[in-house]
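*Asks:* Here is my input; please provide its structure:
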Amino acid sequence: MNVSQAVAKRIEMLLKERNMTQYRLEQKSGVLHGSLACIMNGRNKTVTLSTVYMIAKGFDMTIVEFLNHDIFLSDEIEFE
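*Replies:* Below is the predicted model of the structure:
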């Protein structure tokens, strides 16, 4: 799994946990639909820190809270 895939999985988890739609996240975060769609379907191979920051804000959390999950601590994450 690469970093973008880990971010997509974390977004999926939070959307389910908060009973939130992807559209609502796009609205709250300011991330464009096309950009978030590319992250979620794996077409985006790199995710910028600013995009992760905006997504975290869309979930009403800090970037630290967003990244503070076991999925990002895995030794299996590939860096490109």
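
*Asks:* Just give me the longest helix of this protein.
*Replies:* helix 3-17 (DSSP state H).

*Asks:* Give me the pLDDT for residue 80.
*Replies:* What the model reports for residue 80 is a pLDDT of 65.

*Asks:* nope, residue 24 is what I meant
*Replies:* So, for residue 24, pLDDT stands at 96.

*Asks:* In terms of secondary structure, what does the longest helix of the chain contact?
*Replies:* helix 22-29, helix 33-40, helix 49-58 (3 or more CB pairs under 8 Å, 6 or more residues apart in numbering; DSSP states H and E). Heads up, the C-betas are built off the backbone N, CA and C, glycines and all.

*Asks:* I'd like those laid out as a markdown table, including mean neighbour count.
*Replies:* Formatted as a markdown table, those follow (neighbours: other CB atoms under 10 Å):
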| stretch | mean neighbour count |
| --- | --- |
| helix 22-29 | 15 |
| helix 33-40 | 16 |
| helix 49-58 | 17 |
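
*Asks:* that older thread, can you list the buried residues in the longest helix of the chain?
*Replies:* 3-8, 10-11, 14-15 (16 or more other CB atoms under 10 Å).

*Asks:* want to throw the helices and strands packed on helix 3-17 into a markdown table with distance to residue 65?
*Replies:* Listed next are these as a markdown table, based on distance: least, CB to CB, whole Å:
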| stretch | distance to residue 65 |
| --- | --- |
| helix 22-29 | 14 |
| helix 33-40 | 18 |
| helix 49-58 | 7 |
